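Engineer: attaching a predicted model along with its sequence, questions to come.
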Amino acid sequence: MKIDPHIHSSGISLCSRMTVEELIDMKREQGYDGAILTNHCQQWYPSVKDPKKWAEDFIAEYERGKRYADEFGFRFFLGIEVTLTEPAYADYLLYGVTPEFLRKTACLCGKSQKELYSICRENGVFLVQAHPIRDEQTFKDPAYLDGVEINCTERDYAVWEKVAAFAAENGLTLTCGSDTHYPEAAKRLGGMIVPDEIENAVDFAEYLRNCDQTELYLTEGIKVFKNSGKS
C-alpha cells in the first residue's frame, strides 16, 4: 500500500490550513491507501504549557481523523513531529507512537536529541530526522537517529540525493513524506510503499526497524533504497 507518513492538520499544527478530514480526502484523491498524522510539538506553542491537556487534545485530533478515515477503509496512524533546540534546532518524526506513549511522555520538545532518542528506544519508537537540510538545519548526530527523511516540499526535495547518501554512510533508514500543510500541496507526491499487513503505528515502526530496504514514492517515481543497518 502507498502511505504518506508526514502530514499536519490545523486542529493542532498552527502552520496548517487543512482540517484532518480535508487531509484524508486529499490523500485519498491522490491515490494513497493511508497516512500518518505527524502534528507538531514545539516549545513555543502555548498549549504545551499544560502537558496533560496538550496530550489529550493531540490524541483527540488523531482519533477524530481515525473515525473519518475508517469510513473509507483508509489506514490512518498516529505520529508526531517534535522540534528540539538542543544541541541545535531540528525537527524529528516519531513513528510507533501510541496515545499511552504521549500521555506518559507529554511535550518532548524540551529534551536534547540524545534524551529524545533514549526515550524512543525505551518505548519502541522509531526516530527520524525530518527534512534534515532546511534553512539553518543540518544533519544531526546519527548515533541518536534511526532514520532520515526525504521531504517532498520543493526546497527539500532538491537535496534528496544528499539525504540518501547520509543515510547510506551512517546505516540509517530512509523515509519519505509530503509534509502537507496546505491545499496547494494537492499536486505534491511523496511517500512510501509498505506491506499491506501494517495495521497500526506500532506495526509501521517495526517495519522500519527490520526491513532490508525501503520503497519510496518520489516525485519521479518509486525508488528502492537498501538498508545497511547501524553499525
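Structural biologist: Good, I have the coordinates.

Engineer: mind listing the helices for this structure?
Structural biologist: Assigned by DSSP state H, the helices in the chain fall at 20-29, 51-70, 99-105, 113-122, 154-157, 160-170, 201-210.

Engineer: quick one: mean pLDDT for the third one?
Structural biologist: If you average the pLDDT over helix 99-105, you get 96.

Engineer: list of residues touching that helix?
Structural biologist: Residues outside helix 99-105 that contact it (CB atoms under 8 Å, 6 or more residues apart in numbering): 52, 55-56, 58-59, 62, 78, 80, 119, 123, 125. All C-beta spots, glycine's among them, are computed from the backbone N, C-alpha and C.

Engineer: same question for the fourth one.
Structural biologist: Taking CB under 8 Å, 6+ apart as the criterion, the residues outside helix 113-122 that touch it are 82, 84, 86-87, 90, 92, 94, 105, 108, 111, 125-127, 140-141, 144-146.

Engineer: return the subset of those residues lying in strands.
Structural biologist: Among those, DSSP state E puts 82, 84, 90, 92, 94, 126-127 in strands.

Engineer: list the buried ones in stretch 146-160?
Structural biologist: 146-153, 156-157, 160 (16 or more other CB atoms under 10 Å).

Engineer: pLDDT-wise, which helix or strand of the chain ranks last?
Structural biologist: helix 154-157 (a mean of 90; mean pLDDT, DSSP states H and E).

Engineer: what's in contact with that one?
Structural biologist: Counting by CB under 8 Å, 6+ apart, residues outside helix 154-157 touching it are 131, 133-134, 150-151, 179, 190, 218-219.

Engineer: make it 10 Å
Structural biologist: Residues outside helix 154-157 that contact it (CB atoms under 10 Å, 6 or more residues apart in numbering): 130-135, 137, 149-151, 163, 176, 178-179, 188, 190, 218-220.

Engineer: ok, V202 - contacts?
Structural biologist: Going by CB under 10 Å, 6+ apart, the list of residues near V202 reads 77-78, 95-98, 101, 124-126.

Engineer: highest neighbour count among the residues you listed?
Structural biologist: V97 (30 neighbours; other CB atoms under 10 Å).

Engineer: now that residue: how far from I80?
Structural biologist: From V97 over to I80 the distance is 5 Å, taken as CB to CB, to the nearest Å.

Engineer: can you list residues touching both of those two?
Structural biologist: Residues touching both V97 and I80 (CB under 10 Å, 6+ apart): 36-38, 58, 62, 125, 201.

Engineer: of the contacts of helix 99-105, keep whichever come out buried.
Structural biologist: 55, 58-59, 62, 78, 80, 119, 123, 125.

Engineer: max pairwise distance over those residues: which two?
Structural biologist: Farthest-apart pair in these is Y62 and I119; separation 19.5 Å (CB to CB).

Engineer: for the shared contacts of V97 and I80, could you give me CSV that also reports distance to V48 and pLDDT?
Structural biologist: Formatted as CSV, these follow (distance: CB to CB, whole Å; pLDDT from 0 to 100):
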residue, distance to V48, pLDDT
I36, 21, 98
L37, 18, 98
T38, 16, 98
F58, 10, 97
Y62, 17, 98
V125, 19, 98
A201, 21, 98
